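Undergrad: Attaching a predicted model along with its sequence, questions to come.
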Amino acid sequence: HLPVYRGINPFLKIIEHLRFFWWKQIQLPIMARRKGVTHLFCSDFFVPYFKMGLKTIAVLHDAFFWQSPEHYHPVWLNLFHLIGVPAAKKADLLIVPTEYAKKSILEHEHFDQQKMKVVWEAAKNFHQIVIGSRPINEPYFLHVGVLEKRKNLVRLIQAFAQFHALHPNFKLVLVGNTPVKKHLNDSSAINDAIDALSLQDSVIQLGYLEENALATMYTHAFAYTLPSLNEGFGLPILEAFHFQLPLLCANSSALSEVARDAAIYFDPYQPSELAAAMLRLVDDPELRDSFIRKGQIRQKDFSWHKSANEIYELVSHC
């Protein structure tokens, strides 16, 4: 088998898209039938259009394909609308991670609502991870996520600049790789903002980190910041809770549905609101501790064991 192509060559990317669809639409259902499979669960948007007697289950994570079509290659976008959406409509079960994701998808496309079921996601298992020593001596706010435009990191940097003027000992740490898709890539704007605000020594970009290093960064952070403009769920919320970090969270998309009362919310379009929230955490240790406690309570509602049981029950009756 040829490895998946993850480079930036446009021609090879198109070939990889077509190869993926051939496997998902033709090879996978044939192989499943030969193996005696009755239910085919696909954890992405795409299930086989020709079901070949199989019960199919698709996971629709968000409405990004509809909301931000300019962020996707035209070939990929056309395949999604010509094959992915019709195949999902023929599926026996559609799983979505939040009510927000369900509502957003239905605003753009007609699906059978009776087939759409909300099943919460959960954080990755960090329990067996080895935590290293403190990587940065100064206290720091943390953000983990790919450097995409919807992550709103330029405004995060602008907010941090306002905060940093009063607390110059703090750092901002950004963990996440640069998107391959140029329409999603916000790294240039991020670097421009850092330069314009003279934060070269205060904003630390670490790129992609393996799990041990990532867990270490979470463990020693002062707080977690999540300024995203759009999320179908928001897994970093649960990761922040796991590592007992207070959460500063945008009041957008699915984030408040997931975090509920365990976050300090701000308008993601107003850097001054995030800066004020940062100041509140630093100036009020009791407030910080109270949101850590709220996060510990809220995280109990999420687990992959619970999600797996819910999916099993849904699949059993579809």
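TA: Perfect, I can see it now.

Undergrad: Any buried residues in the helix or strand containing Phe20, and which?
TA: Using DSSP states H and E, Phe20 sits in helix 10-22. For helix 10-22, burial by neighbour count (16 or more other Cβ atoms under 10 Å) applies to 13, 16-17, 20-21. Glycine gets a C-beta too; all of them are placed from N, C-alpha and C.

Undergrad: could you say what helices and strands it packs with?
TA: The contact analysis (3 or more Cβ pairs under 8 Å, 6 or more residues apart in numbering; DSSP states H and E) places helix 10-22 against helix 74-79.

Undergrad: Can you tell me which helices and strands the helix it packs on packs against?
TA: In terms of contacts (3+ Cβ pairs under 8 Å, 6+ apart), helix 74-79 is packed against helix 10-22.

Undergrad: Contacts for the helix it packs on next, please.
TA: The set of residues external to helix 10-22 that reach it, using Cβ atoms under 8 Å, 6 or more residues apart in numbering, is 2, 4-5, 7, 46, 73, 75-76, 79, 83.

Undergrad: Repeat that for stretch 89-99.
TA: Outside stretch 89-99, the residues within contact range by Cβ under 8 Å, 6+ apart are 47, 49, 51, 55-62, 88, 102, 105, 111-112, 115-121, 232-233, 254, 257-258, 311, 314-315, 318.

Undergrad: could I get that stretch in PDB with only the CA atoms?
TA: The C-alpha atoms that make up stretch 89-99 are tabulated as PDB, following Å, rounded to 0.1, in the frame of the first residue of the first chain:
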ATOM      1  CA  LYS A  89     -28.200  11.300   3.800                       C
ATOM      2  CA  LYS A  90     -28.500   7.600   2.900                       C
ATOM      3  CA  ALA A  91     -26.700   6.600   6.200                       C
ATOM      4  CA  ASP A  92     -28.700   4.900   8.900                       C
ATOM      5  CA  LEU A  93     -27.200   7.000  11.700                       C
ATOM      6  CA  LEU A  94     -25.500  10.400  11.900                       C
ATOM      7  CA  ILE A  95     -23.500  11.300  15.000                       C
ATOM      8  CA  VAL A  96     -22.700  14.900  15.900                       C
ATOM      9  CA  PRO A  97     -20.600  16.100  18.800                       C
ATOM     10  CA  THR A  98     -22.900  18.900  20.000                       C
ATOM     11  CA  GLU A  99     -26.300  20.500  19.600                       C
END
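
Undergrad: Please give me every residue in contact with Phe170.
TA: 138-141, 163-164, 202, 222, 282.

Undergrad: if you set the cut-off to 6 Å instead, what comes out?
TA: Pro139 (Cβ atoms under 6 Å, 6 or more residues apart in numbering).

Undergrad: same deal with Thr225?
TA: Thr225 sits next to 141, 143, 248 when contact means Cβ under 6 Å, 6+ apart.

Undergrad: Check these for burial and list the buried ones.
TA: Using 16+ other Cβ under 10 Å as the burial test, these include 141, 143, 248 as buried.

Undergrad: What helix or strand is the second one located in?
TA: I take that to be His143. Using DSSP H and E, the secondary-structure element containing His143 is strand 140-144.

Undergrad: What of the last one?
TA: Secondary structure assigned from DSSP H and E places Leu248 in strand 247-250.
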